[in-house]
Structures are given as C-alpha cells and as structure tokens.
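**Q** could you look at this predicted model? Sequence included:
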Amino acid sequence: MIGQLAEVAIAAENIARAVAYVIDQPENVDVSEMIIRPTAQQM
C-alpha cells in the first residue's frame with residue numbers, strides 16, 4: 001500500500017509552488033479554493 005502511495009505522491013516542493021502562486025496573486029484576485037491532486041490519481 002505504501003509503495004502505491006509513493007507512486008502518486010506529490011512532492012512538498014510542488015505543493016509549496018502552488019501555495020506561492022496563490023499568495024502572489026494581486027489584491028483584486030480572490031482564490032477561495034485550491035484543489036491539488038497528483039496527475040496519476042484516478043478520478
């Protein structure tokens with residue numbers, strides 16, 4: 001099971017880049033929700 005999770009896990013650096021992107025938006029932009037999923041995850 002852990003091996004399967006490691007195959008689709010998102011690196012902490014990638015999460016940090018997504019959060020930094022949201023923080024960097026101008027004041028007139030409201031990001032109310034952010035959903036991050038690994039591209040390998042089945043829907």
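**A** Received it, and whenever you're ready, just let me know what you need.
**Q** and the end-to-end length of stretch 6-20?
**A** 24 Å (CA to CA, to the nearest Å).
**Q** can you count the residues close to Ile10?
**A** Ile10 is flanked by 14 other residues according to other CB atoms under 10 Å. For glycine as for every other residue, the C-beta is placed from the backbone atoms N, C-alpha and C.
**Q** excluding chain neighbours, what is closest to it?
**A** Leaving aside its chain neighbours, Ile10 sits nearest to Pro38 (5.1 Å; criterion: CB to CB, 6 or more residues apart in numbering).
**Q** can you report how many residues neighbour that neighbour?
**A** Counted with other CB under 10 Å, residues neighbouring Pro38 total 12.
**Q** for it, which three-state class applies?
**A** Counting by DSSP: H, G, I helix; E, B strand; the rest coil, the backbone at Pro38 sits in coil.
**Q** any weak-confidence spans in the protein?
**A** For the chain, residues meeting the criterion pLDDT under 70 lie at 1-2, 5, 41-43.
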